[in-house]
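[1] sequence? don't have it. structure:
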Ligand SMILES: [Zn+2]
């Protein structure tokens with residue numbers, strides 16, 4: 001069997017850059033102002049690359065991005081037509097190849113579910129002191145907004161390290177919220193990274209009667225992130241960043257190192273990494289990396305959505321034990 005390969009895209013939202021809202025600095029490291037929105041033309045370019053290389057993976061949709069409203073009722077500063085175009089494009093061109101899920105509600109400040117008002121605390125800090133009683137409705141709200149926007153989802157992505165301090169409560173809440181909103185007895189989530197370790201693979205995080213939760217980790221670093229902080233867009237730069245994941249001869253790079261240690265390359269990047277503060281440099285890196293993967297590793301790996309990975313793990317649960325964390 002070929003080894004699964006998958007691409008995690010964290011942080012997408014219609015037009016709004018959640019990174020602009022939560023970044024520690026409103027300027028790039030080389031001193032340019034951080035842009036607050038990403039044009040739909042960059043989404044179209046992303047879709048072109050995905051279709052060209054048959055890339056598959058997980059694509060977040062943040063339901064209340066940056067505390068600027070929600071994707072169903074409308075977003076502050078975003079024209080309704082642009083919001084709708086973004087959602088329609090994701091449904092038509094991303095959904096066939098990527099499993100969609102919320103990246104909790106705002107990827108910014110936690111909200112009061114009754115009013116939508118900010119609680120004035122980062123979502124990950126809020127989550128660290130919660131339990132299943134409060135986490136379940138919070139996750140259910142995110143899944144419900146995606147459902148109302150026309151997406152079926154049965155998994156979640158954790159903004160930052162959301163829930164890591166109370167992971168057992170968090171996992172139980174994911175299972176319950178997914179069951180309540182979608183009826184699915186199986187769920188997935190992305191929180192952990194397994195990097196520089198052997199056998200980096202997903203695992204069964206919860207088995208409770210008929211319900212199962214599969215934890216799918218990232219196994220590489222987001223090398224594309226650095227494109228946010230430079231105005232360089234030349235081919236030598238694109239190749240240098242791509243080399244960190246897979247070199248032109250297919251002999252080294254982080255993807256190769258994961259494969260050599262019997263792991264699954266579950267690549268991780270962010271929407272803002274691909275957008276590169278409006279320059280789209282990261283999209284060109286993705287284009288190059290996917291081309292190299294398909295050309296050099298076609299006999300070793302097969303692209304999978306998170307839903308495919310979840311089904312594969314569920315088909316042979318005993319082979320995917322939970323790793324021990326230090
Ligand atoms: Zn994120």
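    That came through fine. No experiment lies behind these values; they were computed from the predicted model shown.
[2] count of neighbours near residue 199?
    12 (other C-beta atoms under 10 Å). In short, each C-beta sits where N, CA and C put it, glycine included.
[3] ramachandran coordinates for residue 3?
    phi -80, psi 130 (degrees, to the nearest 10).
[4] element containing whatever residue of the stretch 101-250 of the chain ends up closest to the ion, please.
    Relative to the ion, the nearest point of the stretch 101-250 of the chain is residue 159 (4.8 Å; C-beta to the ion). Of the helices and strands defined by DSSP states H and E, none includes residue 159.
[5] I'd say it and residue 101 touch.
    No - using C-beta atoms under 8 Å, residue 159 is not in contact with residue 101; the gap is 11.8 Å.
[6] ok, now which ones touch the residue of the chain found nearest the ion?
    Nearest residue of the chain to the ion: residue 10, at 3.9 Å (C-beta to the ion). Contacts for residue 10 were tallied using C-beta atoms under 8 Å, 6 or more residues apart in numbering; they are 60, 103, 157, 268-271.
[7] apply 10 Å and report the result again.
    18-19, 58-60, 62, 103, 107, 157-160, 190, 218, 222, 268-273 (C-beta atoms under 10 Å, 6 or more residues apart in numbering).
[8] tell me which of the residues you listed fall in strands.
    Within the contacts of residue 10, residues falling in strands by DSSP state E are 58-60, 157, 190, 268-270.
[9] which one of those residues is nearest residue 164?
    residue 190 (11.9 Å; C-beta to C-beta).
[10] give me the neighbour count for that closest one.
    23.
[11] residue 296 contacts residue 259, correct?
    No - here residue 296 lies out of contact with residue 259, judged by C-beta atoms under 10 Å, at a distance of 11.1 Å.
[12] what's the overlap in contacts for the two?
    Joint contacts of residue 296 and residue 259 (C-beta under 10 Å, 6+ apart) are residue 246.
[13] which SSE is residue 212 in?
    Assessed by DSSP H and E, residue 212 sits inside strand 211-215.
[14] pull the residues that contact that strand.
    Here strand 211-215 makes contact (C-beta under 10 Å, 6+ apart) with 155, 167, 170-176, 178-179, 184-192, 194, 202-207, 306, 309-314, 317, 320, 322-323.
[15] in strands only, show me these.
    Counting by DSSP E, those contribute 155, 186-190, 203-207 to strands.
[16] can I get those residues in TSV including pLDDT and distance to the ion?
    What follows is those, written out as TSV (pLDDT from 0 to 100; distance: C-beta to the ion, whole Å):
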residue	pLDDT	distance to the ion
155	98	14
186	98	23
187	98	19
188	98	16
189	99	13
190	98	9
203	98	21
204	98	24
205	98	19
206	98	22
207	97	27
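[17] burial count for the closest residue to residue 172 other than its chain neighbours?
    Of all residues not flanking residue 172 in the chain, residue 132 sits nearest, at 5.0 Å (C-beta to C-beta, 6 or more residues apart in numbering). Close neighbours of residue 132, defined as other C-beta under 10 Å, add up to 19.
[18] contacting residues for residue 132?
    139, 166, 168-177.
[19] what subset of those residues is buried?
    139, 166, 169-177 (16 or more other C-beta atoms under 10 Å).
[20] how about those in a markdown table, adding distance to residue 247 and pLDDT?
    Converted to a markdown table, these look like this (distance: C-beta to C-beta, whole Å; pLDDT from 0 to 100):
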| residue | distance to residue 247 | pLDDT |
| --- | --- | --- |
| 139 | 40 | 99 |
| 166 | 41 | 98 |
| 169 | 43 | 98 |
| 170 | 38 | 98 |
| 171 | 37 | 98 |
| 172 | 43 | 98 |
| 173 | 42 | 98 |
| 174 | 37 | 98 |
| 175 | 41 | 98 |
| 176 | 45 | 98 |
| 177 | 42 | 98 |
